[in-house]
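Enquirer: Pasting a predicted model and its sequence here:
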Amino acid sequence: MQKKTSFFQRFYVAICLVFFYLPILVTMIFSFNSSKSLTRFTGFSMRWYTELLHNTEVSKAVYVSVTIAILATVISTVLGTITAIGLSKSRKVLKETLLNINNLPILNPDIVTAIGLMLLFSSLGFRKGYFTMLLAHISFCTPYVITSVYPKVRSLDPNLANAAMDLGATPFQALTKVIVPMIKDGIFAGALLAFTMSFDDFVISYFVSGNGVKNISIVVYNMTKRINPTINALSTIVILVIVLVMVFANVLPKLLEKHASKHAKKIQRVIALLLVFALGFGLIKCGGSAAENHVLKVYNAGEYMDLDLLTQFEQEYNCTVVYETFESNEMMYTKLSGGESYDVLIPSDYMIERLIKEDYLQYIDWDLIPNKGSLMDEVMNKSYDPGNRYSCPYFWGTVGILYDTTVVDPADLQEGWDLLRDTKYKGNIYMYDSERDSFMIALKALGYSMNTTDENQIQEAYQWLVDQRNTMDPIYAGDDVIDNMISGNKAMAVVYSGDGSYIISENPNMDYFTPSQGTNNWYDAMVITRDCNETELAHQFINFMLNEESALSNTEEVGYTSPVKSVYETMITGEYEGVSSYIPDFENPNSEIFRYQEPKIKQKYAELWTKIKAE
């Protein structure tokens, strides 16, 4: 009986280890993949490690993550330990009150803490960057240190410090020679927790950083917008470093025990000097970027630009470009409304309309943009910005259905959007995880405008999506749909045309179409903010992006349709010849552009979409 129990215990432990460590092993294996695929191994290669070594953005992010984690850990550990000791000597009412207050940031959702800190820094006029990220990390790490140290302090005899002082120790000696050594396990646990939380943090860092300062989490998150296997290479290196640190952490105490009297003070001094150097270098670097004479702050969607163009622009105009990315138009608006300042934004049509209504933008001086003549007539003078007074087109396209030609019957395409409810393809569909695009599909399938405010029509669309969910078992996916469709994992997916072009170029079995019921014709454009500090440089940047060479490089890198006529013609007869998704069908009178939604209507859509996803 004991042998059986032992076998099952071992089997259970083995299953747990596989569950925890298999994803790490897969990540490490695919870091040596020769292709771009994140799911299909095609051969051994060091390609992604080479690209990672030449990626200056990643090296800067590693520096920011490591130094901020170290500094936040040291400062929060000192603050937390002193606070825990002070609480142990406080009156009961004060002690319980402060402990309950200490629990609030621990229980508070990260997003709430992030937005609160962002608004605090904005109201105080702090320039977001390295220093604000450090302050934020100290603020959310300290409560965890207090929670780890306080139980150890409570377990001590309250008369220990008094006894030490009776024997001739000063208060400081009583603290450092008696109290701290006895609670060092709690301090060490709190420090480890603080370091881990700081190094891993994404949400809070994303909202409190600025001026091009990014940690590893932000960079990796931006990489996930499109296929970028350097994520695997970076993750593998981080894993190996963590393993080495853990080995070192287990070996170092034994070495210190052997040579404690001889080398302990020297080691402490070296560590202290390294910390001072890291803090000084970080603040100098932060201040150095602020001292630049000409700095252009550009805010764009993740993985939506050829970053080499930024270097070229900096060299040509002798300036610095601080380039930041956002996940969605709504997240961009949150940071903008929270007081963050940028010079050039690249939002979508409906968001541009909102920014115009709320007076966030300034007029574009088209006389300062000589390359304006290269723009196609098809992308100009649209409903979101009549006359293009505020915006200059960046990319354009449609939303459609990407399908596997070896699986989907061409005759079924006549069903239009109802193809997504054809039970022949049950369990074989990716729906785009977006309330706007999903409701657009349902409304167009029902013959309604995708900008409708009629609650009965919205309710019908909701029911259409519920029925589709119940009968088709679709997977609601985001940008991960790109790699999955390149690998041919599903028969169909709702995608943006630019992503469709990229997928088709990697997997020729795929094709793309827009249903006759109509779809979303979308436009992303460059705009200049009302508070722009470098108006002339902002116009030069827009003009630079319309240059034929720049526009060609950008569209080749990203895969979306260029608004520059010569580049568009080059692409449809060259790299994307015959790729239907690169040639937007804007002749369909049933297609529309998304318009700005009033808060009440937007909330209605959001509530219904939550119900669809939750049920």
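Expert: Looks like it arrived, so ask away. Residues are numbered from 1 along each chain as shown.

Enquirer: And the nearest residue to Phe207 once chain neighbours are set aside, how far from Lys335?
Expert: Excluding its sequence neighbours, the residue lying closest to Phe207 (Cβ to Cβ, 6 or more residues apart in numbering) is Ala114, at 3.9 Å. Bear in mind the C-beta positions are built from the backbone N, C-alpha and C, glycine included. Plainly put, Ala114 is 10 Å away from Lys335 if you go by Cβ to Cβ, to the nearest Å.

Enquirer: Same check on Ser562?
Expert: As judged by Cβ to Cβ, Ser562 and Lys335 stand 27 Å apart.

Enquirer: The two - which one has more neighbours?
Expert: Shown here are Ser562 and Lys335; by other Cβ atoms under 10 Å, Ser562 has more neighbours (29 against 21).

Enquirer: Give the burial count for the residue lying closest to that one once chain neighbours are set aside, as a bare number.
Expert: Nearest non-adjacent residue to Ser562, counting by Cβ to Cβ, 6+ apart: Thr555, 4.1 Å away. A count of nearby residues for Thr555, using other Cβ under 10 Å, gives 25.

Enquirer: Give me the pLDDT for Thr555.
Expert: If you check Thr555, the pLDDT there is 93.

Enquirer: give the contact list for it.
Expert: Listed by Cβ atoms under 8 Å, 6 or more residues apart in numbering, the contact set of Thr555 reads 395, 561-562, 567, 571.

Enquirer: Looking at these, state which has the most neighbours.
Expert: The member of these surrounded by the most neighbours (other Cβ under 10 Å) is Ser562, with 29 neighbours in all.

Enquirer: wait, isn't that one in contact with Ile572?
Expert: No: Ser562 is beyond contact range of Ile572, at 10.2 Å (criterion: Cβ atoms under 8 Å).

Enquirer: Could you report the neighbour count for the closest residue to Asn428 other than its chain neighbours?
Expert: Counting by Cβ to Cβ, 6+ apart, Asn428 lies nearest to Ala491, which is 4.1 Å off, once chain neighbours are set aside. By other Cβ under 10 Å, the residues close to Ala491 number 20.

Enquirer: how about Ala491, phi and psi?
Expert: Phi and psi for Ala491, reported as degrees, to the nearest 10, are phi -80, psi -30.

Enquirer: center of the protein - which residue?
Expert: Tyr221 (3.7 Å; Cα atoms, centre = their mean).

Enquirer: what about it, distance to Phe326?
Expert: Separation of Tyr221 from Phe326 (Cβ to Cβ) stands at 11 Å.

Enquirer: where's the residue nearest to Ser562, which helix or strand?
Expert: Assigned by DSSP states H and E, Thr555 belongs to helix 548-558.

Enquirer: Identify each buried residue in whichever helix or strand comes after that helix, please.
Expert: Heading C-terminal from helix 548-558, the first helix or strand you meet, by DSSP H and E, is helix 565-572. By neighbour count on 16 or more other Cβ atoms under 10 Å, the buried set for helix 565-572 is 565, 567-568, 570-571.

Enquirer: what's the answer for stretch 602-613, then?
Expert: Neighbour counts over stretch 602-613 (16+ other Cβ under 10 Å) mark 604-605, 608-609, 612 as buried.

Enquirer: What is the nearest of these to Gly500?
Expert: Of all these, Trp609 has the smallest distance to Gly500: 23.1 Å, by Cβ to Cβ.

Enquirer: which residue packs closest to that closest one, ignoring adjacent ones?
Expert: Spatial nearest neighbour of Trp609, excluding adjacent residues (Cβ to Cβ, 6+ apart): Glu435 at 3.6 Å.

Enquirer: Surely the one you found is in contact with Tyr605?
Expert: Yes: with contact defined as Cβ under 8 Å, Glu435 counts as touching Tyr605 (5.3 Å).

Enquirer: still on that earlier bit, ok, the buried residues of stretch 602-613 vs Ser341, which is closest?
Expert: For the buried residues of stretch 602-613, the closest approach to Ser341 (Cβ to Cβ) belongs to Tyr605, at 30.2 Å.

Enquirer: where's the nearest residue to Thr83 once chain neighbours are set aside, which helix or strand?
Expert: Nearest non-adjacent residue to Thr83, counting by Cβ to Cβ, 6+ apart: Ile146, 5.4 Å away. Using DSSP H and E, Ile146 sits in helix 130-154.

Enquirer: Which other helices and strands does that helix contact?
Expert: The contact analysis (3 or more Cβ pairs under 8 Å, 6 or more residues apart in numbering; DSSP states H and E) places helix 130-154 against helix 56-88, helix 92-107, helix 110-123, helix 184-200, helix 203-208, helix 260-290.

Enquirer: Burial check on Ile218, number of neighbours?
Expert: 23.

Enquirer: gap between it and Ser348?
Expert: 21 Å.

Enquirer: just Ile75 next, same as before
Expert: According to Cβ to Cβ, Ile75 and Ser348 sit 41 Å apart.
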